[in-house]
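> just need the structure, nothing else, for what follows:
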Amino acid sequence: MNERRPAVAGTWYPGTAGALATDVDDYLDRADPRVRGSVRAIIAPHAGLMFSGPVAAWAYKAAAASVFDVVVLVGPSHFVGFEGVSVWPRGAFGSPFGPAAIDEAVASAILASPIAAERPDAHAREHSLEMQLPFVRRLFPALPIVPIVVGYQVRETIDALGEQLARAVADRQALLVASTDLSHYFDAATADRLDGRVRALVDAFDSDGLLSLYEEYPERERGRYVACGGGAAIAVMRAAQRLGARDGRVLHYAHSGHVSGDNEGVVGYLAAAFGSLSDAD
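Reported below is the predicted structural model:
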């Protein structure tokens with residue numbers, strides 16, 4: 001089996017199933033997304049689980065009320081620079097909860113795009129997708145996944161990926177997951193102001209506006225001022241819109257200072273959902 005082994009198990013999150021289940025279940029118990037309807041896509045953060053888990057749980061708890069047959073994970077490449085996107089095409093992603101099998105049919109459909117290729121090196125150390133597996137494997141243990149790492153997050157790649165994602169899962173019940181953190185290492189007040197712009201655009205389901213905000217900054221600064229996985233989020237929002245999603249909801253926002261107590265240099269975290277949604281009573 002072509003299994004991608006965990007890179008940050010035992011450091012960024014517990015490396016044993018029992019300890020990991022305790023943490024994930026605690027975060028889910030405390031999350032209260034208060035939305036109804038059918039979820040098509042979510043945004044969730046990817047920092048160490050003690051920081052990002054309490055936020056990610058809001059998105060996954062909202063999604064867990066819907067029925068899916070595959071989970072597509074889209075996140076940024078933090079270690080390898082390349083054009084286009086890298087798809088893990090077959091085998092599995094290992095996790096403390098057991099391996100998550102790859103949906104080869106959907107992976108192959110993504111690879112049909114000229115922007116997509118197989119680049120195992122882009123996945124080897126990458127945490128942006130791995131940090132989604134504790135929730136994916138806990139809530140959807142039977143579902144296969146499709147791991148996609150985005151290289152340079154430029155408009156051409158974002159547009160093409162959004163279109164190909166929608167095409168690849170048009171006849172499937174897919175949960176699309178965009179993995180991203182928001183602003184990086186500003187003081188808490190500045191982070192809240194910067195991240196507020198993203199929250200407003202996500203809540204308005206405005207992928208064009210989010211792309212315009214992303215492009216206000218030089219490529220090397222977009223991850224710091226907007227979101228390290230902004231391209232992944234925009235592509236997933238666009239795919240969800242093509243698949244019929246009509247509503248966006250910011251479910252929860254926090255930053256690392258809420259956990260560490262250090263508000264001088266924080267990282268922002270967002271949970272959001274997209275689909276046919278209404279607010280719970």
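
> relative to the helix or strand harbouring residue 101, what are the paired strands and their orientations?
According to DSSP states H and E, residue 101 maps onto strand 100-101. Partners of strand 100-101 in the sheet, by DSSP bridges, are strand 92-93 (antiparallel).

> three-state assignment of residue 59?
Secondary structure, DSSP: H, G, I helix; E, B strand; the rest coil: residue 59 is helix.

> whoops, residue 271 was the one
strand.

> can you give me the distance of it to residue 142?
Remark: distance between residue 271 and residue 142 (Cβ to Cβ, to the nearest Å) = 24 Å. (Glycine included, C-beta is placed from N, CA and C.)

> higher neighbour count, these two?
Neighbour tally, residue 271 and residue 142, criterion other Cβ atoms under 10 Å: the higher count belongs to residue 271, 27 against 7.

> average pLDDT across the strand holding residue 101?
Mean pLDDT, computed over strand 100-101, is 98.

> roughly how far is it from the heart of the chain?
Remark: strand 100-101 is offset 17 Å from the chain centroid, using Cα atoms, centre = their mean, to the nearest Å.

> got the contact list for that strand?
The contact list for strand 100-101 (Cβ atoms under 8 Å, 6 or more residues apart in numbering) reads 91-94, 133, 136-137, 143-145.

> quickly name whichever of the residues you listed is closest to residue 228.
Lowest distance from residue 228 to the contacts of strand 100-101 (Cβ to Cβ) belongs to residue 133, with 18.3 Å.

> and the host helix or strand of residue 20, what does it pack onto?
Element membership of residue 20, judged by DSSP H and E, is helix 17-30. Helix 17-30 sits against helix 49-63, helix 133-139, with contacts defined as 3 or more Cβ pairs under 8 Å, 6 or more residues apart in numbering; DSSP states H and E.

> give me the angle between that helix and helix 49-63.
Relative orientation of helix 17-30 versus helix 49-63 (axes from the mean of the first three to the mean of the last three Cα atoms, to 10 degrees): 60 degrees.

> what's the first helix or strand after helix 17-30?
As assigned by DSSP H and E, the chain's next helix or strand after helix 17-30 is strand 35-44.

> show me the shaky parts of the stretch 1-150 of the chain.
Scanning the stretch 1-150 of the chain for pLDDT under 70 picks out the ranges 1.

> for the residue nearest the centre of the chain, give its distance to residue 95.
In the chain, the centroid-proximal residue (Cα atoms, centre = their mean) is residue 179; its distance is 2.0 Å. Plainly put, residue 179 is 15 Å away from residue 95 if you go by Cβ to Cβ.

> any idea how far the closest residue to residue 190 other than its chain neighbours is from residue 228?
Of all residues not flanking residue 190 in the chain, residue 183 sits nearest, at 7.6 Å (Cβ to Cβ, 6 or more residues apart in numbering). Distance from residue 183 to residue 228, counting by Cβ to Cβ: 9 Å.
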